[in-house]
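Student: sequence plus predicted model, see below.
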Protein chains: 2
Amino acid sequence: MIGKLYGVSLGPGDPDLITRKAWALLHTSARWAYPVKKKNGVSYALNIAIRADLTMPADALELIFPMTHDKAILAKYWLQAAHMVIEILHQGQDVIFLVEGDASTFSTFQHLAKTVRVLEATLQIETIAGVSSLQAAAACATMPLADTDDTVAIIPAGYGIDMISTLLDDFDTLMLLKVKPILDDIIILLRDKNLLESSCFIEKAGAPEERIISNIDSLYGEKVNYLSLIMVRNPHRIRGTMLRGCLKK
Amino acid sequence: MIGKLYGVSLGPGDPDLITRKAWALLHTSARWAYPVKKKNGVSYALNIAIRADLTMPADALELIFPMTHDKAILAKYWLQAAHMVIEILHQGQDVIFLVEGDASTFSTFQHLAKTVRVLEATLQIETIAGVSSLQAAAACATMPLADTDDTVAIIPAGYGIDMISTLLDDFDTLMLLKVKPILDDIIILLRDKNLLESSCFIEKAGAPEERIISNIDSLYGEKVNYLSLIMVRNPHRIRGTMLRGCLKK
């Protein structure tokens, strides 16, 4: 009997946004595993479960995913985590890997799952979809992420102002992630494009520290959290013609 | 005492993907409202609640959102729905509008909320974020929607092959919605770009009729459901340089 690995999305931070499926899995005898950035570090994912008044099992497994872009270091830690998980699966126990947000969307679970698959392709892995911080951000901002026929782009702001400027013209909604390093440049761009009024700044959507600022101009020169995004709706986008439904082909 | 309007996301179809918050709201005395395409029509949103073994209250309110792109007809029905909701709110009752998927993502709730806001700006409206079919699709396909530093675009396929071709080059993940009308052309394009192996076709993700096809080539010439999407990961994307973290202001 070999166990199964689950990527269990716990949603953006509000314990009430945990799905019933994730909630049920948290109440099975499966072994918990949770990501930290360093040994004995804080785990946002684990904290969501704790704030839902669940007690962390004594044998819960800390898996280290360091904050670095060094591929060799990352590969070493992914391997280490995968080996620890595989060992438990071979003991016949299921493993639930706790995920902040959604397990498919900018999540360490993808690296873990990929590494486990490479090491042992026959192991069973299942992703339990969850509420992502993107959906939580739209709900907080009371803005549609997408309306009928809308196009949406999601990019880390670090790709730079030129790319952001192009995408603003081409998409109805632009989700700019990790805006901190170029926040002031983004504000100037949105001002130039007359898009400040249809923009919203959202920090830690769905978490207790959530901060929502519609008046983005007021953030000029300010320091913001690393986990912050700007959502922009472009009401001026010029659309081409569209093929619809069964009309063609 | 005036009631509050909630957009209650019920997730992509699997009743277990309902969040705890939505679940709790379904068990309050709030008046249910659910969307249909025509009078006495089927409601996917309502069906999710029914499949969760909940009983539809006798006074649940059917709201008609017809399948048309005629703006005058749409506006008429949005107004009618908004007036019905506002009347109940003024009776002091909360209204929970049931949503398939996420209430911010291609959802009729956005039209309802906007119309209610236009008619009476002071009314309280809250969006309860949920699992969208995009996240469900990625989980089904066992593909990441986004990995570290990835870019994602979400577009209705109806914008045409030229736009799809450009976006495939520029984004790590492309979610092509409503692929039915140009499915064959998309398959040819993916073949030409050598992207068939990193693509997945997903029909009704998260619903009982869910269908997942990794071998997209096999769909050439086939008829598919209206609610189907193709998810493409482009491992060949050429990335520019990126500003990261706090390195550059």
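Tutor: Yep, that arrived.

Student: what's the domain layout of chain A?
Tutor: A:5-131, A:134-233 (automatic domain parsing).

Student: can you put those in TSV and add mean pLDDT?
Tutor: Formatted as TSV, these follow (pLDDT from 0 to 100):
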stretch	mean pLDDT
domain A:5-131	97
domain A:134-233	95
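
Student: how far off centre is stretch A:14-23?
Tutor: 15 Å (Cα atoms, centre = their mean, to the nearest Å).

Student: part of a helix, is A:Trp32?
Tutor: No. Read with DSSP: H, G, I helix; E, B strand; the rest coil, A:Trp32 is strand and lies in no helix.

Student: give me the neighbour count for it.
Tutor: Neighbour count for A:Trp32, taken as other Cβ atoms under 10 Å in any protein chain shown: 21. For the C-beta atoms, the positions are set from N, CA and C on the backbone; glycine is no exception.

Student: cool, and A:Val224?
Tutor: 15.

Student: and it, helix, strand or coil?
Tutor: Here A:Val224 is recorded as coil under three-state DSSP.

Student: show me where chain A has strands.
Tutor: Taking DSSP state E, the strands of chain A run over residues A:5-9, A:31-36, A:61-64, A:95-99, A:125-128, A:152-156, A:173-177, A:199-203, A:211-213, A:228-233.

Student: coming back round to it: just send the domains of chain A back as TSV, with distance to B:Gln91 too.
Tutor: Formatted as TSV, the domains of chain A follow (distance: least, Cβ to Cβ, whole Å):
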stretch	distance to B:Gln91
domain A:5-131	27
domain A:134-233	24
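
Student: determine which of the ones you listed approaches B:Asn40 most closely.
Tutor: domain A:134-233 (23.5 Å; Cβ to Cβ).

Student: and chain B, is that closest one touching that?
Tutor: Yes. Legend: contact between domain A:134-233 and chain B by Cβ under 8 Å from any Cβ of the partner chain is shown at A:135-136, A:138-139, A:142-160, A:163, A:171, A:178, A:180-182, A:184, A:206, A:226.

Student: chain center to that domain: distance?
Tutor: 15 Å.

Student: what's the end-to-end length of it?
Tutor: The straight-line separation of the ends of domain A:134-233 (Cα to Cα, to the nearest Å) is 14 Å.

Student: who's in contact with the nearest residue to A:Thr173 once chain neighbours are set aside?
Tutor: Excluding the flanking residues, the one nearest A:Thr173 by Cβ to Cβ, 6 or more residues apart in numbering or on different chains is A:Val152, at 4.5 Å. Residues near A:Val152 by Cβ atoms under 8 Å, 6 or more residues apart in numbering or on different chains: A:Leu145, A:Ala146, A:Phe171, A:Asp172, A:Thr173, A:Leu174, A:Met175, B:Ala153, B:Ile154, B:Ile155.

Student: ok, A:Val116 next?
Tutor: Residues near A:Val116 by Cβ under 8 Å, 6+ apart: A:Leu5, A:Ala82, A:Val85, A:Ile86, A:Leu123, A:Ile125.

Student: now render these as JSON lines, adding distance to B:Lys114 and neighbour count.
Tutor: Converted to JSON lines, these look like this (distance: Cβ to Cβ, whole Å; neighbours: other Cβ atoms under 10 Å in any protein chain shown):
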{"residue": "A:Leu5", "distance to B:Lys114": "42", "neighbour count": "27"}
{"residue": "A:Ala82", "distance to B:Lys114": "47", "neighbour count": "23"}
{"residue": "A:Val85", "distance to B:Lys114": "46", "neighbour count": "25"}
{"residue": "A:Ile86", "distance to B:Lys114": "50", "neighbour count": "19"}
{"residue": "A:Leu123", "distance to B:Lys114": "47", "neighbour count": "18"}
{"residue": "A:Ile125", "distance to B:Lys114": "41", "neighbour count": "19"}
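
Student: closest one to chain B out of those, please.
Tutor: The closest of the contacts of A:Val116 to chain B turns out to be A:Ile125 (Cβ to the nearest Cβ; 7.2 Å).

Student: residues in contact with that closest one?
Tutor: Per Cβ under 8 Å, 6+ apart, neighbours of A:Ile125: A:Lys4, A:Leu5, A:Tyr6, A:Gly7, A:Ala113, A:Val116, A:Arg117, B:Thr142.

Student: what about the closest residue to A:Ala82 other than its chain neighbours, how many neighbours?
Tutor: In space, not counting the residues next to it along the chain, A:Ala82 is nearest to A:Thr115; the distance is 3.9 Å by Cβ to Cβ, 6+ apart. Neighbours of A:Thr115 under the rule other Cβ under 10 Å: 20.

Student: so who does A:Thr115 touch?
Tutor: A:Trp78, A:Leu79, A:Ala81, A:Ala82.

Student: from A:Tyr159, how far out is it?
Tutor: Relative to A:Tyr159, A:Thr115 is positioned 27 Å away (Cβ to Cβ, to the nearest Å).

Student: for stretch A:213-220, buried residues please.
Tutor: A:Ile213, A:Ser214, A:Ile216, A:Leu219 (16 or more other Cβ atoms under 10 Å in any protein chain shown).

Student: and those residues, which two are the farthest apart?
Tutor: Maximum distance among the buried residues of stretch A:213-220 (Cβ to Cβ): 10.7 Å, for A:Ser214 and A:Leu219.
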